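**Q** model the following, please.
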Amino acid sequence: MNTSPRTRTVVSCALLVIALGVGVTACGSGGNPLTSKPYDASDQISFNGPSGDRKKADPDKPLEVTADDGRITDVTAVDATGRYVTGELSADGTRWHSTSPLAANAHYTLRVSTEDGDGAPGRKVLAFDTSSPTTKKRLTVAFGPDSGTYGVGQPITAKLDKPVADKAQRAVVERALRVDSVPAVQGAWHWVDDKELHYRPKDYWPAHATVSVHSDLDGVKIGDRLWGDKSKPLKLTIGDRVIAVTDAASHSLTFYKNDEAVRQIPVTTGKPGFDTRNGVKVVLEKQQYVRMRGTTVGIAEGSADSYDLPVYYATRVTWSGEYVHAAPWSVGSQGYANVSHGCTGMSTDNAEWFFDNVRQGDVVKVVNSEGHTMEPFGNGFGDWNLAWTSWRNGSALVAGTPDGPSPAERARLRPQNV
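**A** Numbers count the residues shown, from 1 in each chain. Down below sits the predicted model:
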């Protein structure tokens, strides 16, 4: 045994340290430490787990393992659901402590590997439970959209019932939100604001993929007075790859299904002053009938641009009132000129066909308009208008998180354009 002096870590009096049984050396002197069976390291390590009358570990406190002799070489801690606890090992191997929070009301298995002064390996496996949190303030996550079948552009949303502004706390939340798809894709969460995250792949979802979303936050400590609660999981099926591209300069909409151009439709888009937004939008909903009035978008009643019309086969792409819809009053301009107040208008027959062949989550893209680009958030799903690098920078696990738009900017007003 190496008898050279070694600095030992002293466990704080705030930590309840217990001896973990009686140690037995598994191999005699002269054995090869690289091939020897690990010895029982019970008398070599201590940890701040349950002791005495305290039957369960306090999830508010970090887990700490110390080596009373020799050194620690590895520690793994995992709960019964498969969630691992991250941690740090001191350079001299005398102390390991957790760096991620323990879950409340959970059962953990702790595996500690050690070696003595001669390099012989030791091992100890411990099991313990954690108690209930000392606070009742819980964070609930609501995933969206509802379970069902959606288009390839549909983002996943996670709405929190309490704000999370601290970057470290955001990282805890985000790390627990799981999105799995078959086939697998590269994707990331993006913090829209303190109470909402969106998830999207780098590219559109693969056609006919299945997407499962769930939270591992239940019982996890997020902050000093905030714990995760149970959340309802979500499962989506992705339909065909449907992308409708509207060219405002050529006054046409090309409908692609699984990368094949299926139909080209003459259209009219926004006239000067009411230019249709460029960029990628996502179908939000379909309404067979909508009454559209100019007053809802700030057009004075009785003015030259005033309107009050019954509109059929209306496919909504922004909350501010941009639709693809039937516009029989402008058939003479469709394919030739842009005369609408921001919507994409087409004949009734074409609008009915479009309405019947798109679903929520399908992509509607506008190019060559004189209008601004669709905003990423707050007016529907403009998520795809952010480059992948910018999207990734909105993750708490990658870089700094954005402040997000103000509540006023995020107000989901619902006026209608025609």
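
**Q** where does pLDDT dip in this protein?
**A** The model of the chain has pLDDT under 70 over residues 1-36, 51-54, 133-136, 294-300, 302, 304-307, 399-418.

**Q** in it, which residue is most central in space?
**A** Centroid check for the chain by C-alpha atoms, centre = their mean gives W189 as the closest residue, at 3.6 Å.

**Q** strand partners (parallel or antiparallel) of the helix or strand harbouring that residue?
**A** Taking DSSP states H and E as the definition, one finds W189 inside strand 187-193. Using DSSP bridges, the strands paired with strand 187-193 are strand 196-201 (antiparallel).

**Q** how far does stretch 341-354 sit from the chain's center?
**A** Offset of stretch 341-354 from its chain centre (C-alpha atoms, centre = their mean, to the nearest Å): 34 Å.

**Q** and the helices in this protein?
**A** Secondary structure of the chain (DSSP state H): helices at 167-176, 348-357, 388-392.

**Q** what helices or strands is the first one leaning on?
**A** Spelled out, it's helix 167-176. strand 187-193, strand 221-223, strand 226-228 (3 or more C-beta pairs under 8 Å, 6 or more residues apart in numbering; DSSP states H and E). For the C-beta atoms, the positions are set from N, CA and C on the backbone; glycine is no exception.

**Q** with just CA atoms, put the first one into PDB.
**A** Output for strand 187-193, consisting of C-alpha atoms alone and laid out as PDB, is shown next (Å, rounded to 0.1, in the frame of the first residue of the first chain):
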ATOM      1  CA  GLY A 187     -33.200  19.200 -34.700                       C
ATOM      2  CA  ALA A 188     -33.100  21.700 -31.800                       C
ATOM      3  CA  TRP A 189     -35.200  23.700 -29.400                       C
ATOM      4  CA  HIS A 190     -35.300  27.400 -29.700                       C
ATOM      5  CA  TRP A 191     -36.500  29.700 -26.800                       C
ATOM      6  CA  VAL A 192     -39.100  32.100 -28.200                       C
ATOM      7  CA  ASP A 193     -39.500  33.800 -24.900                       C
END
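
**Q** and the angle for it with helix 167-176?
**A** Comparing the axes of strand 187-193 and helix 167-176 via axes from the mean of the first three to the mean of the last three C-alpha atoms, to 10 degrees yields an angle of 140 degrees.

**Q** now do the contacts for N258.
**A** By C-beta atoms under 8 Å, 6 or more residues apart in numbering, the residues touching N258 are A207, D240, R241.

**Q** before we move on, back to that, so can I have TSV of the helices and strands packed on helix 167-176 showing distance to V367?
**A** Below are the helices and strands packed on helix 167-176 laid out as TSV (distance: least, C-beta to C-beta, whole Å):
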stretch	distance to V367
strand 187-193	24
strand 221-223	43
strand 226-228	43
